[in-house]
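Participant: fold the following and give me the result.
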Amino acid sequence: MQIIDKKSNKKAWASALTEPAKEFPLTQLSIISGNIPEGLRGTLYRNGPARLERGRMFAGHWFDGDGAILAVNFTDGGVNAAYRYVQTIGYQAENAADKFLYGNYGMTAPGPVWNQWRRPIKNAANTSVLALPDKLLALWEGGKPYALDLQTLETRGEDNLGGLSNGLTYSAHYKQDPQTKEIFNFGISLGLNAKLNVYKSDSTGRIIQKAAYSLDGLPLIHDFVLAGEYLIFFIPPVRLNVLPVLLGTSNYSDSMQWRPELGTQILVIDRDSLSLVSRGEAEPWYQWHFANGYVDANGAVIVDIARYEDFQTNQYLKEVATGKTHTPAQSTLSRVTLHPQSGKVAAIEQLLDRHCEFPNVPRQNVGQESRYTYMSGFRQGTDISQEVLNTIACFDHKTQTLTEAYPGDNCYPSEPILAENWVLTVVYDGNSYSSQVWIYDSDRLNEEPICKLKLPSIIPHSFHGTWKSGLSKE
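Facilitator: Okay, here's the model as predicted:
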């Protein structure tokens, strides 16, 4: 933890993190420019760390901030929005005490050393959201999801989805098949060697099948990919040095070690039976996120990733929490071709020589070939060691071209979310110290937004979101 210094010379993006975010109730949004598309009906949900400070102390890592959910409802009567913190047990306890009480990914529990065992880690519920028919899940990879009301965002409490017993965790990066509506996810159980727990759920989120696989050491696994009939895990060569964590002398983030000699481990799992198809190994790299995967006409698996050469990205994300970064962490959109029956990599190629993060494809293409990949990135010429993501873009795999939306100097868009024929992003405008919802035509990202809507308060830079179509209540 660090004392907050509000007088230092920081970039415009940092002002979105200076103060804890302010909740607001369901509020009609005013139009700044343009018009709301006629056919756009549904809700944009976003999740991210909204509070990084308590008692003039900053959290140790961007991943440690308390999660808050933004819901933007497009209805017959206009657009309204609400913003609320997820009322986790840890959030409520720290709110009452007005100080940090727990450890987390990038911080140890303050106070006597025995607090490291009494309050080792807080479920921050700050990473992603899963919109189910009757509830919204706030996801975080180190614990159970928190269920919220889809309309009011009122927190209902932890949800075990009918199968998360005995301390099983549920990752932030689920994958839902667009045809069957089955939901796949995973969690990691710690021990001398970690265990990968794989889950299959029905469309309501209820877990209907589970499997578990032993792993080498204690790796950091953030995401996986659905590719046709396979679930594929690329396990990067990052391993937790658990002793300092157990002794309370270090946190998880600082105890993660880059071990390139271990290579990237690959697990290919059959999506129907959750049985292991193959294990393989490839050269070392790191990825937080996958764009998509599919099986080509020859039976090979094609996987697109936001690929880093090493683990410097973790240091950069730690620095974001301080409001001042200095570590460059370059990622590129890359493609891996894999033989699923052997787990052997046939080829790795770079698709784009530009920074890529938060890559995704239209929902109907998840697990299948997609012509378009959407992503966040940096405008060319940006010093990536000093800034946060400042563009959104679409890569056309057919024409090999990139179409980019740059909101302007000191403006920072969130991960692009596809909603029918439109792309939605929440933009923090560091010039006016405000947050807005921008709507683009999905085929014309390089043109002006169709509509800009003003939000009642600052929405700090967030991680992931989703679109739930058809919600039309006012």
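Participant: need the mean per-residue confidence for stretch 74-81.
Facilitator: Looking at stretch 74-81 alone, the average pLDDT works out to 95.
Participant: over to stretch 430-448?
Facilitator: Mean predicted lDDT for stretch 430-448 stands at 96.
Participant: just the endpoints, please. Distance across it?
Facilitator: For stretch 430-448, the first-to-last residue distance is 19 Å (C-alpha to C-alpha, to the nearest Å).
Participant: same check, this time on stretch 169-187
Facilitator: So stretch 169-187: terminal residues 5 Å apart, C-alpha to C-alpha.
Participant: please apply the same query to stretch 441-450.
Facilitator: First-to-last residue span, stretch 441-450, C-alpha to C-alpha: 7 Å.
Participant: chain center to it: distance?
Facilitator: Once both centres are worked out by C-alpha atoms, centre = their mean, to the nearest Å, stretch 441-450 turns out to sit 24 Å from its chain's centre.
Participant: buried set for that stretch?
Facilitator: 442, 445, 449-450 (16 or more other C-beta atoms under 10 Å). Placement of C-beta: from N, CA and C, glycine included.
Participant: now tell me what touches that stretch from outside.
Facilitator: Residues from elsewhere that reach stretch 441-450 (C-beta atoms under 8 Å, 6 or more residues apart in numbering): 33-35, 37, 372, 392-394, 403-405, 418, 421-423, 438-440.
Participant: for residue 49, state which of the buried residues of stretch 441-450 is nearest.
Facilitator: Nearest to residue 49, judged by C-beta to C-beta, of these is residue 449 at 25.7 Å.
Participant: low-scoring stretches of the stretch 251-400 of the chain, by residue?
Facilitator: Along the stretch 251-400 of the chain, segments meeting pLDDT under 70 are nowhere present.
Participant: can you show me the helices along it?
Facilitator: For the stretch 251-400 of the chain, helices defined by DSSP state H, counting those that start in this stretch occupy the ranges 312-320.
Participant: quick one: low-confidence ranges for the stretch 101-250 of the chain?
Facilitator: Checking the stretch 101-250 of the chain against pLDDT under 70 turns up 114.
Participant: ok so, going back, Serialize the buried residues of stretch 441-450 to TSV and add fields for distance to residue 9 and secondary structure.
Facilitator: Shown next, in TSV, are the buried residues of stretch 441-450 (distance: C-beta to C-beta, whole Å; DSSP: H, G, I helix; E, B strand; the rest coil):
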residue	distance to residue 9	secondary structure
442	38	coil
445	32	coil
449	31	coil
450	36	coil
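Participant: just give the number of residues close to residue 76.
Facilitator: By other C-beta atoms under 10 Å, the residues close to residue 76 number 8.
Participant: buried subset of the contacts of stretch 441-450?
Facilitator: Counted by 16+ other C-beta under 10 Å, these give 37, 372, 392-394, 403-405, 418, 422-423, 438-440 as buried.
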